[in-house]
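> fold the following and give me the result.
(one chain, ligands or ions: 1)
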Amino acid sequence: METVIRLEQVSYRREQIEILKNINWTVRKGEHWALLGLNGSGKTTILDLINGYIWPTLGKISVLGELYGSVDVREMRKQIGWVSSSLQERLHSNDKTQNIVISGKHASIGLYEKITEQEVEQARSLMNQLGCSHLFGRSYQTCSQGEKQKILIARALMAAPKILILDEATNGLDFLSRESLLASIQQLAEQPDSPTILYVTHHIEEIMPVFNQTLMIRRGEVFRQGPSTEILMKDTLSSFFETPIQVQRLNNRAWISIP
Ligand SMILES: Nc1ncnc2c1ncn2[C@@H]1O[C@H](COP(=O)(O)OP(=O)(O)OP(=O)(O)O)[C@@H](O)[C@H]1O
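Numbering: from 1, shown residues only. Modelled structure (predicted):
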């Protein structure tokens with residue numbers, strides 16, 4: 001199967017501190033991954049490496065078949081959509097939702113190019129896909145937090161990325177908005193032409209069945225990786241969190257609590 005991302009013996013050191021240690025990780029086409037790790041475990045550092053914002057101290061990284069070091073990372077970034085909370089702060093919130101979506105095509109914060117009818121239709125169709133077409137025509141700032149997240153995912157999809165990174169996408173959402181967003185993500189991931197999704201979360205119950213693989217990072221190292229159904233189990237999670245955990249399965253999702 002086609003390799004989408006490969007990290008081989010990747011280490012990243014900053015000021016004598018080893019932030020990532022010997023990471024080996026392969027993402028293949030058709031997989032969607034959940035990335036799990038406590039605060040400061042190294043998730044963002046891995047994403048920064050994949051986006052070519054930083055370089056590994058040791059090891060090799062290849063993305064979409066291109067080995068980093070011998071490729072223009074700015075070109076690679078066009079194929080990677082990254083939705084994170086820091087993006088929200090940088091957008092022009094008076095803009096209409098569809099213009100925010102369309103701006104994803106030009107990888108710009110505001111819209112400086114002339115919008116074509118085709119782009120408007122593409123934005124409408126993506127908003128429809130994310131279940132937020134009713135927001136078309138509204139100004140972005142009047143949207144709720146959950147609605148904004150859907151707009152930002154549609155924006156990332158506007159550039160037809162091969163990889164989509166959803167970084168703590170449900171932060172600040174109430175439980176209904178969260179479930180609505182998760183349902184939209186699930187639907188997106190189920191599409192045959194979906195980008196490969198990397199879903200970063202602190203919440204195990206957000207790992208829907210479509211995230212068929214999970215990478216667990218602890219203190220800069222891979223703690224475990226593989227099929228989510230094998231990893232999201234009581235024993236693995238208890239040793240990962242270094243505390244006894246109990247797991248209940250509901251709607252094919254694992255809900256954890258402390259006994
Ligand atoms: N430029 C840097 N210089 C020194 N330390 C850094 C630097 N960047 C990251 N770190 C440290 O590396 C560790 C991993 O950080 P990282 O942001 O990757 O974690 P994370 O898993 O994304 O955490 P969170 O869930 O809180 O976002 C942290 O201890 C952080 O303080």
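
> what does the chain have sitting close to the ligand?
14-15, 17, 19, 37, 39-45 (CB under 6 Å from any ligand atom). All C-beta atoms are positioned from the backbone trio N, CA, C, and that covers glycine.

> quick one: buried ones out of the residues you listed?
19, 37, 41-45 (16 or more other CB atoms under 10 Å).

> among the residues of the chain next to the ligand, which one has the lowest pLDDT?
Checked by pLDDT, those have Glu15 as the lowest-scoring entry (88).

> any idea how far it is from Thr57?
Here the distance between Glu15 and Thr57 works out to 12 Å (CB to CB, to the nearest Å).

> what of Ser84?
Taken as CB to CB, the span from Ser84 to Thr57 is 24 Å.

> those two - which one has more neighbours?
Taking other CB atoms under 10 Å, Ser84 and Thr57 do not tie; Ser84 has more neighbours (17 against 13).

> what sits against the more buried one?
Going by CB atoms under 8 Å, 6 or more residues apart in numbering, Ser84 touches 165, 167-168.

> most neighbours, which of those residues?
Ile165 (22 neighbours).

> is it true that that residue touches Arg77?
No. Contact criterion CB atoms under 8 Å: Ile165 and Arg77 do not qualify, at 11.0 Å.

> overlap of the contact sets of those two?
Residues touching both Ile165 and Arg77 (CB under 8 Å, 6+ apart): there are none.

> dihedrals phi and psi, Asn171?
Note on Asn171: its backbone torsions stand at phi -50, psi 130 [degrees, to the nearest 10].

> can you list contacts of the worst-scoring helix or strand of the chain on mean pLDDT?
The weakest-scoring helix or strand in the chain, judged by mean pLDDT, DSSP states H and E, is helix 85-90 (a mean of 74). With CB under 8 Å, 6+ apart as the contact definition, helix 85-90 has outside contacts at 109, 148, 152, 167-168, 171-172.

> inside strands: which ones of these?
Asp167 (DSSP state E).

> just how off-centre is the least confident helix or strand of the chain within its chain?
14 Å (CA atoms, centre = their mean, to the nearest Å).

> off-centre distance for the helix or strand that that helix is followed by?
Downstream of helix 85-90, the next assigned helix or strand under DSSP states H and E is helix 97-103. Taking CA atoms, centre = their mean, one finds helix 97-103 lying 20 Å from the centre of the chain it belongs to.

> now do stretch 180-188
Computed by CA atoms, centre = their mean, the chain-centroid distance of stretch 180-188 equals 13 Å.

> for stretch 176-194, same thing?
Distance, centroid of stretch 176-194 to centroid of chain: 12 Å (CA atoms, centre = their mean).

> any idea of the mean pLDDT in that stretch?
pLDDT averaged over stretch 176-194 gives 92.

> what's next to that stretch, contact-wise?
Contacts of stretch 176-194 (CB under 8 Å, 6+ apart): 32, 129-132, 144-147, 149-150, 153, 157, 164, 166, 169-170, 173, 197, 199, 206, 208, 210-211.

> from these, list the buried ones, please.
Using 16+ other CB under 10 Å, the buried ones in the contacts of stretch 176-194 are 32, 129-132, 145-147, 149-150, 153, 157, 164, 166, 169-170, 173, 197, 199, 206, 208, 210-211.

> quick revisit: possible to save the contacts of helix 85-90 as JSON lines with distance to Gln248?
Below are the contacts of helix 85-90 laid out as JSON lines (distance: CB to CB, whole Å):
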{"residue": "Ile109", "distance to Gln248": "43"}
{"residue": "Lys148", "distance to Gln248": "31"}
{"residue": "Leu152", "distance to Gln248": "31"}
{"residue": "Asp167", "distance to Gln248": "27"}
{"residue": "Glu168", "distance to Gln248": "23"}
{"residue": "Asn171", "distance to Gln248": "24"}
{"residue": "Gly172", "distance to Gln248": "25"}
